[in-house]
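Visitor: coords below, sequence missing:
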């Protein structure tokens, strides 16, 4: 087990060890009954005192995440089953636990696809709102014209025709690009991963928004980056704080979601976009502008992309098409200029030798047509109805003390609970009632913020949205009421 | 520019710097006219003497790969155009050169897809030999039945039905597996990458065959691994040498292609397979068994997979379907057991959140049928004819001093030239005649072996194979004859 600790960080070492293990449990990397290293071994491996490790393990035990068994060791206790693990059982794979890995966290995966009936955790679009039949017909036509598509590798950079079409598509969104500076990726998740594997190594400083998209945190953590965070307010990323951090630490990469920010839904103002770019220029750093949702504006179009303001190749722009068009194709693009681009293309080759030709051609035959714009228009109308419905239900049913941000677009609503409520605990109760949401703690790279949660109004139909919101509000009402009751109990 | 040097290695530091820069030029990462760091800057960055850097730059200049311009600096000179670069021109992207990357090499990409008419470099199958129409029909049927496939994310682990089908397919190949221990990847390239990003970090020791598949070298180098090599003989990887290395360095991963080894075509004996596994068990290390071609046996079936001998979860088995079925789908699988598997699944989530559902379902509807086995039978017959044709042409036309290994299967023939011939130089001449092959130097992780080359008999039709081999033999005949002539010149 590879635990990275930062000795000059502000977080105590025992807390860092605790957090590393919690991340691994939440990511499913440490499963029920897995044995943790002995206190002695871990203290030796990390070069910290025995007391530090003991403290971390005590904290884990206090939270019911592990169980110590005298003379045997410390074991993961995910299910809270209360049962003592059967340590006599001999697994022939046990030696594998000694194989260290470089995978501190993979939390997003746990909430991406969930078994619950009402999943408000899924920031995806209801398949019923996507142009399935039209894309299906495009694929059939395309395959009849050229069945050899299934038997050919595509270019590593991506199919040229798709790059031409995507360049036109991006230019309509006011993101300047040419087919030559577009790289086709397997969704924007791979775009984030390509930039990170190419430019971020152990100890390199990276700036993320707090909160931010959990899938990005997983990737940066996996490269051993030193992550610094900047909060967002109603105008987006706080540039005053960014400026201070950049003056002091000279980060290599800034990752931002300026349009309908994930998870808060906030739109960054044009002024802030200009300021961020200026800061990046002054310290020669890269900006990843992740833009999965600019097409899904529900009130007004967002301001110009940071990429459109950039003349010196600082911005690496990512656009995924999984959200808005065809999740089953997992097509995204990355647009960048200069030698940065060539290096990202080489990283793509090393990763997978290029995305499948079939999925690229499937998108091509659709995106090349005017039907895409018609589809997006309809999609916005449908999502506006769902968003407004959810906002209305929240206003009606949420107890006092709970607040949320009204999103102008995108797929999500960010909800803040009273600070004493941990949304991870609320999630356990919700799951019993077949409901899921994204616990806010997943979205924080460093901070211990447990009193937020993200729900998505895009995946469930109106009936299930109603059911889901009602269940959530009921759970929170009970929780808040119980606290009030216990508060009013005389304190003796 | 990130140059990794190993101070206690056997290769002189100046040679290591030289090789790093050559790798970057060959990978297209350093392009024409790019400026190298000044001698002073690089010596400071790497903590080596000025003389060491000067030596490396002199070697590069001697080989015509860079050009020094007094008072201006050292510039890449790929095209050997002889023109002095126009350094007055100001690029606004120049600042990007100061952004260090972690990408020492991406050579395979340069030879994967090439513009030449006769590409013997492509270790792929002629699209005319693949079941395009059948797969096309399967896709159309599948989409008509369920058009929502394009609008759904798949499971991160891979579509369950495909995992069931692949498990049956693997069991027929005598590779034991269950749907639960299969992970769907974007080709086996991603399989290699997933294992590497999960378990290999800077300085971790990895053992590769020499020569080996260049795409694997690129990936391991990208993680900063310390690569050690073991030669192959007619029975496969030399286990005696492997044993010595393992005793001394305790590697974390051994990467091998036991069936129709890439690039030599050699089949590892069953005895060696058993021995390798035993060594891995004794030092608790992982084996990546990369098996893209076991279906393409042309004389006899290869021995049992190493995976079939493994009861303790040491082997991570990779099977790509790009070679034999549908390159346009880029589907591969990875099979592993124990906690190793969970960790690889988390890495897959971080990389791309799962392979596209469309390509998985496209393969599924075909592989689920008996037609796959019929197709493979026909494919073997067709490839046997092409291999035999090429072997006959080589016997007839190759000059003395050139030798090759007769492959029992797979797609490639490995050719060795007299040691004084550099196949990279021969390739320049071949390209003028519209012919490409894979220069052997690409396949060596460390060694400076320039007198080999790999040709593939699987991609070109018989007519183009004839043309290509004739051109290659003519070039080599001339080269060898010219040496003989100059040798016979009196030496004064």
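Guide: Alright, I've got the coordinates. The model shown is predicted, which means the values in this text are computed figures rather than measured ones.
Visitor: now residue A:220: how far from chain B?
Guide: The gap separating residue A:220 from chain B is 10 Å, by Cβ to the nearest Cβ, to the nearest Å. C-beta: built from backbone N, CA, C; applies to glycine.
Visitor: repeat for residue A:19
Guide: On the measure of Cβ to the nearest Cβ, residue A:19 and chain B end up 17 Å apart.
Visitor: nearest spatial neighbour of that residue, skipping sequence neighbours?
Guide: residue A:11 (7.5 Å; Cβ to Cβ, 6 or more residues apart in numbering or on different chains).
Visitor: in the stretch 251-400 of chain A, which spans are strands?
Guide: A:253-256, A:286-290, A:315-320, A:332-335 (DSSP state E, counting those that start in this stretch).
Visitor: the second one to strand A:315-320, inter-axis angle?
Guide: In other words, strand A:286-290. Angle of strand A:286-290 versus strand A:315-320, following axes from the mean of the first three to the mean of the last three Cα atoms, to 10 degrees, is 20 degrees.
Visitor: returning to what we had before: which one of the strands of the stretch 251-400 of chain A lies nearest to residue A:196?
Guide: Residue A:196 sits nearest to strand A:253-256 of all the strands of the stretch 251-400 of chain A, at 7.7 Å, using Cβ to Cβ.
Visitor: could you list the paired strands of that closest one along with their orientation?
Guide: strand A:205-210 (parallel), strand A:286-290 (parallel) (DSSP bridges).
Visitor: what helix or strand is residue A:477 on?
Guide: Element membership for residue A:477 (DSSP states H and E) is helix A:462-488.
Visitor: so which other helices or strands are in contact with that helix?
Guide: Applying 3 or more Cβ pairs under 8 Å, 6 or more residues apart in numbering or on different chains; DSSP states H and E, one finds that helix A:462-488 makes contact with strand A:118-119, helix A:371-397, helix A:423-432, strand A:435-436, strand A:452-456.
Visitor: check which residues of that helix are buried.
Guide: Neighbour counts over helix A:462-488 (16 or more other Cβ atoms under 10 Å in any protein chain shown) mark A:464, A:465, A:467, A:468, A:469, A:471, A:472, A:473, A:475, A:476, A:479, A:480 as buried.
Visitor: then stretch A:197-205?
Guide: Neighbour-count burial for stretch A:197-205 flags A:197, A:198, A:199, A:200, A:201, A:204, A:205 (criterion: 16+ other Cβ under 10 Å).
Visitor: likewise stretch A:246-265?
Guide: Going by neighbour count (16+ other Cβ under 10 Å), the buried part of stretch A:246-265 is A:246, A:251-265.
Visitor: quick one: end-to-end length of it, please.
Guide: 25 Å (Cα to Cα, to the nearest Å).
Visitor: about what we covered before: could you dump the strands paired with strand A:253-256 to CSV with distance to residue B:359?
Guide: Converted to CSV, the strands paired with strand A:253-256 look like this (distance: least, Cβ to Cβ, whole Å):
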stretch, distance to residue B:359
strand A:205-210, 32
strand A:286-290, 24
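Visitor: including mean pLDDT and distance to residue B:161, could those strands go into JSON lines?
Guide: As requested, the strands paired with strand A:253-256 are exported to JSON lines (pLDDT from 0 to 100; distance: least, Cβ to Cβ, whole Å):
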{"stretch": "strand A:205-210", "mean pLDDT": "97", "distance to residue B:161": "37"}
{"stretch": "strand A:286-290", "mean pLDDT": "98", "distance to residue B:161": "32"}
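Visitor: burial of the residue nearest to residue A:332 when sequence neighbours are not counted, as a residue count?
Guide: Leaving aside its sequence neighbours, residue A:332 sits nearest to residue A:320 (Cβ to Cβ, 6+ apart; 4.0 Å). The number of residues packed near residue A:320 is 25, by other Cβ atoms under 10 Å in any protein chain shown.
Visitor: what about the strands in the stretch 1-150 of chain A?
Guide: A:66-69, A:73-76, A:118-119.
Visitor: and these, which is most packed in?
Guide: Among those, ranked by average contacts under mean count of other Cβ atoms under 10 Å in any protein chain shown, first place goes to strand A:118-119 (a mean of 23).
Visitor: close to chain B, is that strand?
Guide: No: using Cβ under 8 Å from any Cβ of the partner chain, strand A:118-119 stays clear of chain B, with a minimum separation of 11.8 Å.
Visitor: do stretch A:266-281 as well
Guide: No: using Cβ under 8 Å from any Cβ, stretch A:266-281 stays clear of chain B, coming no nearer than 8.6 Å.
Visitor: what residues of that stretch count as buried?
Guide: A:266, A:267, A:268, A:269, A:270, A:272, A:273, A:275, A:276, A:277, A:279, A:280.
Visitor: with stretch A:430-445 instead?
Guide: Across stretch A:430-445, burial judged by 16+ other Cβ under 10 Å covers A:430, A:435, A:436, A:437, A:438, A:439, A:440, A:441, A:442, A:443, A:444, A:445.
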